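>>> test case, fold it:
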Amino acid sequence: MKTLFVSNNQDISLGSYRIWVRDLNLYFRECGIDSTIGDRDSKIDEYDTIICAKSDTYSAIRIKKDFPHKKVGVINLSADNKGLPIDFLIVGSLEEMDSLSHYENVFLYPLIERMYQNKMDYKMHSPTNKLRIGFHGHYPHLSKFEPHLKNALEKMGDNIELLVITGNPNFKWKFGRPNIDIIVKPWNINTIKDDLLSCDVGIVPNMTCLNVEKLPTSVDLGLYNTDYIARFKNKSNAGRCFVFHQLGIPVITDLTPSNFHILGDPKNGFIAYNENSWFKALAKLQNHNLRREIADNAKKEFDRLYNPHDWAMRLYKNILEINNG
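As a prediction, the model looks like this:
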């Protein structure tokens, strides 16, 4: 089965291209799969399967119309797009897979970053007078600091500083900004690895806490005033946690489902939702020996569960099955 990735934007600073096109194509090739990267002007008829990048949905529709006998897929499709004439989707999490279940074939390939797979790039934890807390990702995630993480960070006082690495360093942080020392750096492919390795702890807030004053309760319906009420995107995934795991940095994150695949075991890191749980995790990770132990545990589990060649072959076999069907 000859496979063509179609991406008209081949900017490696874009995570969706870097992980699901460039890196995945390399893993396919290393697994002995005939695969290459092209654009919408490539000779489609020479390939059996065409996988279109996130920004090339319309290319996928056109290709399927012009070559109805080809199997055509799209990466990271918006859940708002329903009924498109395509054969399969590639998603980054079980949350996203479920939201797109109205399509027949939805296949999971996790957000495994090839550029962090070098075992030489690994954090060496040592005692520090000031704990550096690291955040990386799209700046709207910073609003998820409100209110619990914000309060926990402020409670830590002068013992910490926050490093924020994001694609738009000039953003206006309107909600959840803690009153602590904050350093903001632009995400840059040439510096991101060193910036992250300067951190002692990684934090990955994702869920929106909803303040509801009066909740209906019912024993018969299993509704109690202690229930969790939260909101998270359908495309939520563990990718931001993965980067910290790969680099040997212990992680504190929230109750987003995909995070539990590794962090469901407390020896691998911390799950936090309210102010107390965020604060307790931060306070414990002031101990550099514990940071090292937890990071090592998480890395071992990440390597066991997220071998990129294994996941690439699983994806290939899923696509091959519909080709042979």
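>>> where along the protein do the strands fall?
Applying DSSP state E to the chain gives strands spanning 3-6, 35-38, 49-52, 71-75, 88-91, 106-108, 131-136, 160-166, 181-186, 201-204, 208-209, 230-231, 251-253, 270-271.
>>> looking at these, which is closest to Thr217?
Nearest to Thr217 among the strands of the chain is strand 230-231 (17.8 Å), distances taken as C-beta to C-beta. Placement of C-beta: from N, CA and C, glycine included.
>>> re earlier: export the strands of the chain to JSON lines and append columns for mean pLDDT.
Conversion of the strands of the chain to JSON lines gives the following (pLDDT from 0 to 100):
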{"stretch": "strand 3-6", "mean pLDDT": "97"}
{"stretch": "strand 35-38", "mean pLDDT": "96"}
{"stretch": "strand 49-52", "mean pLDDT": "97"}
{"stretch": "strand 71-75", "mean pLDDT": "98"}
{"stretch": "strand 88-91", "mean pLDDT": "98"}
{"stretch": "strand 106-108", "mean pLDDT": "98"}
{"stretch": "strand 131-136", "mean pLDDT": "98"}
{"stretch": "strand 160-166", "mean pLDDT": "97"}
{"stretch": "strand 181-186", "mean pLDDT": "96"}
{"stretch": "strand 201-204", "mean pLDDT": "98"}
{"stretch": "strand 208-209", "mean pLDDT": "93"}
{"stretch": "strand 230-231", "mean pLDDT": "92"}
{"stretch": "strand 251-253", "mean pLDDT": "98"}
{"stretch": "strand 270-271", "mean pLDDT": "98"}
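>>> show me where the stretch 1-150 of the chain has its helices.
Applying DSSP state H, counting those that start in this stretch to the stretch 1-150 of the chain gives helices spanning 15-17, 24-30, 57-66, 94-99, 148-155.
>>> would you list those helices in TSV and tack on distance to Asp303, mean pLDDT and mean neighbour count?
As requested, these are arranged in TSV below (distance: least, C-beta to C-beta, whole Å; pLDDT from 0 to 100; neighbours: other C-beta atoms under 10 Å):
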stretch	distance to Asp303	mean pLDDT	mean neighbour count
helix 15-17	21	95	19
helix 24-30	15	98	19
helix 57-66	33	95	17
helix 94-99	20	97	18
helix 148-155	28	98	21
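>>> got the ones you listed as JSON lines, with distance to Pro266 columns?
Output for the helices of the stretch 1-150 of the chain, formatted as JSON lines (distance: least, C-beta to C-beta, whole Å):
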{"stretch": "helix 15-17", "distance to Pro266": "29"}
{"stretch": "helix 24-30", "distance to Pro266": "31"}
{"stretch": "helix 57-66", "distance to Pro266": "40"}
{"stretch": "helix 94-99", "distance to Pro266": "21"}
{"stretch": "helix 148-155", "distance to Pro266": "18"}
